[in-house]
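Participant: Give me a 3D structure for the following:
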Amino acid sequence: MSTPLCVGAYAYEHTEALLDGRVPIAGVDATFETAPLVSDIFRRTVEGHYDVAEYGLTYFLRTFDLEDSPFLALPIFPNRNFRHSAVFVNTAAGIKKPQDLAGKTIGEFALFGHDPGVWMKGVFHDEYGLTPDQSRWVIGGTDHPIPAFDWVPQPIPDGVDVRHAAEGETLGAMLESGEIDALISVDVPQALLNGSKKIARLFPDYETVERDYYRRTGIFPAMHIVAVPRELAAKADLMTSVYRAFCEAKEIAQQKYRDGALKQHMGAVTPWFSKLFEENRALLGEDWWPYGLGANRRVLDTFLRYHHEQGLSKRLLTSEDIIAPALLDT
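Facilitator: Down below sits the predicted model:
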């Protein structure tokens with residue numbers, strides 16, 4: 001008899017084959033749901049709406065400080081991105097390098113320690129000696145006001161100045177006006193896309209910086225995992241089936257690009273895409289978006305260290321603490 005599961009996942013190209021039914025989960029009668037905003041999936045996960053769900057790494061890790069930590073993770077990484085490109089500055093603020101952020105007011109999207117923020121604060125600390133307590137922090141929405149996410153724990157470490165933006169305020173407008181000096185955000189400020197000269201990226205040539213970061217560290221930063229309730233995580237065969245289905249869907253998406261190289265990706269609307277694909281393949285390898293713990297241990301352990309160092313986890317967690325036991329050898 002098939003096990004009924006409700007699965008929440010954002011509509012990426014590497015989950016498309018799951019959402020449209022091309023890839024079934026063996027032994028499972030699956031219902032797939034998505035949402036316009038991935039944070040809506042996170043909130044519904046907290047509310048117990050899903051059996052299996054994409055979940056932001058920091059949202060997931062914050063539950064480990066609860067008396068009854070409800071989730072474990074499958075080593076599936078639906079969302080990952082290099083994040084040097086996620087740091088923006090007011091061009092009149094005199095910020096030319098990361099060390100210049102000391103003493104400045106920095107906006108951060110959604111909460112203190114959203115996933116790109118954890119990664120970049122960690123990079124700032126490791127590579128530039130900058131710590132969060134050296135700056136002031138304002139939390140909010142980039143181009144649309146958002147309230148505090150009251151459905152997730154929001155620890156603030158001692159000695160760090162953090163406030164939420166006032167009602168109706170947006171971090172993008174505050175950055176353009178100079179009310180804040182910098183911004184770490186998953187969303188690019190609309191003003192920058194519109195050509196404003198008052199906002200720039202901290203790393204103008206961010207692709208070169210991010211490629212160098214990968215060459216030096218081997219880290220392709222993960223933002224999200226797939227979370228399951230602990231009682232479900234104990235069912236080894238079921239977890240293996242879910243993991244394999246996500247892997248198969250991802251492989252379909254990757255193979256499309258490998259096959260497309262034969263015809264110089266004539267189905268893509270982006271000029272010179274084949275050159276970009278060749279460069280990425282040479283740097284990142286044949287499986288440039290890996291799942292499984294083996295290929296991602298350094299990524300996970302680095303994020304876990306950053307999360308603890310930034311006061312967002314009470315103890316330093318390990319990969320073994322957070323991954324479903326049946327998938328530790330993936």
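Participant: rest of the way, CA atoms for contacts and neighbours
Facilitator: Fine.
Participant: Give me the secondary structure label for F88.
Facilitator: strand (DSSP: H, G, I helix; E, B strand; the rest coil).
Participant: Chain neighbours aside, what residue packs nearest to it?
Facilitator: In space, and not counting its chain neighbours, F88 is closest to R201: 4.3 Å by C-alpha to C-alpha, 6 or more residues apart in numbering.
Participant: looking at it, that neighbour is touching V87, isn't it?
Facilitator: Yes. With contact defined as C-alpha atoms under 8 Å, R201 counts as touching V87 (5.9 Å).
Participant: which one of those two has more residues nearby?
Facilitator: Taking neighbours as other C-alpha atoms under 10 Å, R201 and V87 compare with V87 leading, 25 against 20.
Participant: L183 is in contact with the more buried one, correct?
Facilitator: Yes. The pair V87 and L183 qualifies as a contact (C-alpha under 8 Å) at a distance of 5.7 Å.
Participant: quick revisit: gap between the residue nearest to F88 and G117?
Facilitator: Plainly put, R201 is 15 Å away from G117 if you go by C-alpha to C-alpha, to the nearest Å.
Participant: same check, this time on E309
Facilitator: Relative to G117, and taking C-alpha to C-alpha, E309 is found at 13 Å.
Participant: quick one, which of these two is more surrounded?
Facilitator: G117 (22 against 19).
Participant: And the nearest residue to the more buried one once chain neighbours are set aside, how far from E127?
Facilitator: Of all residues not flanking G117 in the chain, I184 sits nearest, at 6.1 Å (C-alpha to C-alpha, 6+ apart). Counting by C-alpha to C-alpha, the gap from I184 to E127 is 17 Å.
Participant: buried stuff in stretch 282-289?
Facilitator: Of all the residues in stretch 282-289, those buried under the rule 16 or more other C-alpha atoms under 10 Å are 284, 289.
Participant: what's the answer for stretch 2-9, then?
Facilitator: 5, 7-9.
Participant: mean confidence for it?
Facilitator: For stretch 2-9, the mean per-residue pLDDT is 96.
Participant: Over to stretch 313-324?
Facilitator: 97.
Participant: quick revisit: might you report the residue contacts of the residue nearest to F88?
Facilitator: Shown in contact with R201 (C-alpha atoms under 8 Å, 6 or more residues apart in numbering): 85-89.
Participant: Among these, which one lies nearest to M239?
Facilitator: Distance to M239 across the contacts of R201 (C-alpha to C-alpha) is lowest for A86, with 33.5 Å.
Participant: any idea how far V226 is from that closest one?
Facilitator: 23 Å.
Participant: same deal with Y214?
Facilitator: Counting by C-alpha to C-alpha, the gap from Y214 to V226 is 24 Å.
Participant: Just want to know which of those two has more residues nearby.
Facilitator: V226 (26 against 15).
Participant: So that one: helix, strand or coil?
Facilitator: What three-state DSSP gives for V226 is strand.
Participant: one step back: let me have the buried residues of stretch 2-9 in JSON lines, extended by distance to D143 and secondary structure.
Facilitator: Putting the buried residues of stretch 2-9 into JSON lines (distance: C-alpha to C-alpha, whole Å; DSSP: H, G, I helix; E, B strand; the rest coil) gives the following:
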{"residue": "L5", "distance to D143": "35", "secondary structure": "strand"}
{"residue": "V7", "distance to D143": "30", "secondary structure": "strand"}
{"residue": "G8", "distance to D143": "26", "secondary structure": "strand"}
{"residue": "A9", "distance to D143": "24", "secondary structure": "coil"}
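Participant: from the residues you listed, which is closest to W272?
Facilitator: Of these, the one sitting nearest to W272 (C-alpha to C-alpha) turns out to be A9, at 30.6 Å.
Participant: and the spatially most central residue of the chain, what pLDDT?
Facilitator: The chain has M223 as the residue nearest its centroid, 1.9 Å off, counting by C-alpha atoms, centre = their mean. pLDDT, M223: 97.
Participant: quick check: domain ranges of this structure?
Facilitator: Listed by automatic domain parsing, the domain ranges of the chain are 3-80+222-252+297-327, 84-217.
Participant: wait, which of these is closest to A261?
Facilitator: domain 3-80+222-252+297-327 (14.7 Å).
Participant: So what's the gap between the closest one and the chain middle?
Facilitator: Relative to its parent chain, domain 3-80+222-252+297-327 has a centroid offset of 12 Å by C-alpha atoms, centre = their mean, to the nearest Å.
Participant: any idea where the helices of the stretch 151-300 of the chain begin and end?
Facilitator: All helices of the stretch 151-300 of the chain, identified by DSSP state H, counting those that start in this stretch, fall at 171-177, 190-193, 206-217, 230-233, 236-260, 273-284, 297-309.
Participant: How about the contacts made by the closest residue in space to P147 that isn't next to it in sequence?
Facilitator: Computed as C-alpha to C-alpha, 6+ apart, the closest residue to P147 that is not its neighbour in sequence is G140, at 7.1 Å. Residues near G140 by C-alpha under 8 Å, 6+ apart: 107-111, 146-148, 164-165, 169-171.
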